[in-house]
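Colleague: got a predicted structure plus its sequence, pasted below:
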Amino acid sequence: MFKWMKLGKFCLMILLGACSLSSFAEVPKVEIFSWWLGGGEEEGLQALIKVLKRQYPALEVNNASIAGGAGVNAKAVLQTRMVEGLPPDSFQVHGGAELIDSYVKTGMMEPITDLLKIWQIREKFNPQIIELCSYRGQVYSIPLNVHRGNVLWYNKKLLARYKLAPPTNYETLLRACQVLKKAGIIPLALGDRNKWEATHLFETLLVQELGAIKYNGLWKKQTSFNDPKLRIVLERFKKLSQYVNKNHAALTWQDGTKMILEGKAVFNIMGDWAEGYLKTLGGEPGKDFGWVALLGKGGNYMIITDTFGLPKGALHRQGALAWLKTVASVEGQDIFNPIKGSIPSRLDANRALYDPYLRSSMDDFAKLTLTPSIAHGSAAPFGFVGALNDLLNTYLVDGQTEVALKSIRQAAHDYLE
Ligand code: GAL
């Protein structure tokens with residue numbers, strides 16, 4: 001029995017290891033599915049595909065991206081394809097609940113633990129990130145990056161003009177917003193056409209008020225959704241909404257973020273893909289725009305990780321393996337991340353290639369408690385995220401705190417218990 005198991009493992013190793021072009025049986029192809037099509041996102045992906053093409057020149061790449069920030073459209077298409085048994089060869093998926101609950105527990109993904117062993121790279125990755133890609137001892141996807149969610153971006157010149165220090169918490173942010181509104185400028189840019197952007201703002205306020213430990217407890221059933229702080233956070237969210245641009249519901253996240261570079265608004269709370277975007281628009285970090293983390297008690301790093309895995313039944317499995325190898329490579333990570341505004345998940349990346357913002361993010365990542373993002377699928381399953389997106393967008397319109405609170409508790413009951 002043991003012998004057969006060993007033999008099976010040996011065959012698997014040969015299969016998994018077969019990634020050189022000579023091993024492709026037919027025309028080597030790969031379909032890569034993501035939502036990196038919008039301003040600032042596409043550039044990173046294109047650069048990574050260039051590395052892939054350099055590493056595998058004969059590979060035919062089908063970049064099957066579907067527009068819409070945070071995968072608002074792509075995720076729906078993906079779910080249909082997965083259920084119908086027509087998976088892309090490899091797809092973008094957030095580490096954490098989104099990967100594990102939707103695709104791993106349902107038996108739709110191949111474990112890639114052996115692949116990491118054969119390529120001798122498992123130890124090269126940050127173990128906490130690998131944890132987000134793992135279930136019952138097996139790894140199911142390769143983390144390409146680490147994004148930070150709880151960042152306040154600001155127009156440096158405007159902040160100086162109004163003699164304001166960068167706010168670091170809700171109270172100082174509110175005070176700055178009051179001053180700016182009086183001065184006739186939009187304090188806080190928001191583009192929440194796709195709903196998740198409001199949830200992003202909410203979770204930033206939530207972790208700040210709860211602190212990292214209590215926030216993380218929400219997802220481990222150690223913190224109750226009846227905690228009185230939830231009401232405080234909702235009230236703060238409502239209060240801040242008085243300081244955002246009136247047309248927020250018509251704008252995408254890019255539209256909102258761009259407002260600070262154009263000097264139309266002073267602040268924007270957004271994940272650090274905003275940094276990648278501002279750079280592609282010609283903005284210089286530290287000169288045209290500044291940043292500060294809005295921290296929960298004791299400090300926290302709101303984590304989002306974009307990963308790629310191997311769905312069962314992928315049409316071009318060998319192409320997918322080639323792609324995964326590029327995603328996992330230092331070269332791939334060091335090309336993609338400085339453009340995308342994220343930091344590498346590999347520990348041996350070349351820090352010198354990253355700008356001052358990204359280096360500060362690396363330092364914080366190394367020392368702060370990680371808190372998984374709700375809006376970006378790491379903390380909670382799809383059902384909860386969808387319900388929260390909906391109720392917060394209703395709340396922005398009707399301002400009914402007790403109703404919103406009840407709906408959050410109901411969503412927790414429906415999807416987290
Ligand atoms: C996140 C994703 C980022 C970025 C962002 C905006 O969910 O992890 O890589 O794409 O959405 O679209």
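Modeller: Perfect, thanks for sending it. A quick note: this is a predicted structure, and the numbers were derived from the prediction, not measured.
Colleague: and the closest residue to residue 70 other than its chain neighbours, how far from residue 169?
Modeller: Nearest residue to residue 70 in three dimensions, chain neighbours excluded: residue 196, at 4.7 Å (Cβ to Cβ, 6 or more residues apart in numbering). For glycine as for every other residue, the C-beta is placed from the backbone atoms N, C-alpha and C. Per Cβ to Cβ, to the nearest Å, residue 196 is found 23 Å from residue 169.
Colleague: can you show me the strands along the stretch 1-150 of the chain?
Modeller: 29-34, 60-65, 90-94, 134-135, 138-139, 141-143, 147-148 (DSSP state E, counting those that start in this stretch).
Colleague: and those strands: which comes nearest residue 299?
Modeller: With Cβ to Cβ as the criterion, residue 299 lies closest to strand 147-148 of the strands of the stretch 1-150 of the chain, at 12.1 Å.
Colleague: ok, residue 34 - contacts?
Modeller: Each residue near residue 34 by Cβ atoms under 8 Å, 6 or more residues apart in numbering is listed here: 45, 64, 65, 66, 74, 91, 92.
Colleague: any chance of those in CSV, with distance to residue 98 and pLDDT too?
Modeller: Putting the contacts of residue 34 into CSV (distance: Cβ to Cβ, whole Å; pLDDT from 0 to 100) gives the following:
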residue, distance to residue 98, pLDDT
45, 19, 98
64, 19, 97
65, 18, 96
66, 16, 97
74, 12, 97
91, 11, 98
92, 10, 98
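Colleague: among these, which one sits closest to residue 411?
Modeller: Distance to residue 411, by Cβ to Cβ, is smallest for residue 74 among the contacts of residue 34, at 22.8 Å.
Colleague: buried ones in stretch 270-285?
Modeller: For stretch 270-285, the neighbour count (16 or more other Cβ atoms under 10 Å) marks 270-281, 283, 285 as buried.
Colleague: closest to the ligand among those?
Modeller: The ligand has its nearest neighbour among the buried residues of stretch 270-285 in residue 273, at 4.2 Å by Cβ to the nearest ligand atom.
Colleague: tell me how this protein divides into domains.
Modeller: Domain segmentation of the chain under automatic domain parsing yields 2-143+308-353, 151-299+381-416.
Colleague: end to end, how far does the shortest one reach?
Modeller: Right, the one you point to is domain 151-299+381-416. Criterion Cα to Cα, to the nearest Å; first-to-last residue distance in domain 151-299+381-416 is 27 Å.
Colleague: does any part of it sit near the ligand?
Modeller: Yes. Using Cβ under 6 Å from any ligand atom, domain 151-299+381-416 comes into contact with the ligand via 271, 273.
Colleague: swap in the longest one?
Modeller: Yes. Counting by Cβ under 6 Å from any ligand atom, the ligand is contacted by domain 2-143+308-353 at 36, 41, 69, 70, 71, 94.
Colleague: okay, and the helix or strand of the chain with the least pLDDT?
Modeller: Here the helix or strand of the chain ranked lowest by mean pLDDT, DSSP states H and E is helix 2-17, holding a mean of 42.
Colleague: mind putting the contacts of residue 34 in CSV, neighbour count included?
Modeller: Output for the contacts of residue 34, formatted as CSV (neighbours: other Cβ atoms under 10 Å):
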residue, neighbour count
45, 21
64, 16
65, 17
66, 17
74, 23
91, 28
92, 22
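Colleague: which among those gets closest to residue 317?
Modeller: When the contacts of residue 34 are compared for distance to residue 317 (Cβ to Cβ), residue 91 wins out at 13.8 Å.
Colleague: and the spatially most central residue of the chain, what does it touch?
Modeller: The residue lying closest to the centre of the chain (Cα atoms, centre = their mean) is residue 304, at 3.6 Å. Counting by Cβ under 8 Å, 6+ apart, residue 304 touches 94, 146, 147, 148, 149, 271, 373, 376, 378.
Colleague: 6 Å - rerun?
Modeller: Residues in contact with residue 304 (Cβ atoms under 6 Å, 6 or more residues apart in numbering) are 147, 149, 373, 376.
Colleague: which of those are buried?
Modeller: Among the contacts of residue 304, the ones that count as buried by 16+ other Cβ under 10 Å are 147, 149, 373, 376.
Colleague: which residue, other than its chain neighbours, is closest to the last one?
Modeller: So that's residue 376. What sits nearest to residue 376 in space, not counting adjacent residues and going by Cβ to Cβ, 6+ apart, is residue 304, at 4.2 Å.
Colleague: can you get me the centre-to-centre distance for stretch 117-127 and its chain?
Modeller: 22 Å (Cα atoms, centre = their mean, to the nearest Å).
Colleague: show me what contacts whichever residue of the stretch 101-250 of the chain sits closest to the ligand?
Modeller: Proximity to the ligand, evaluated over the stretch 101-250 of the chain using Cβ to the nearest ligand atom, is greatest for residue 147 at 5.5 Å. Counting by Cβ under 6 Å, 6+ apart, residue 147 touches 271, 272, 304, 342.
Colleague: phi, psi of the residue in the stretch 301-417 of the chain that the ligand sits nearest to?
Modeller: The stretch 301-417 of the chain approaches the ligand most closely through residue 376 (4.1 Å), counting by Cβ to the nearest ligand atom. Note on residue 376: backbone dihedrals following degrees, to the nearest 10 are phi -110, psi 30.
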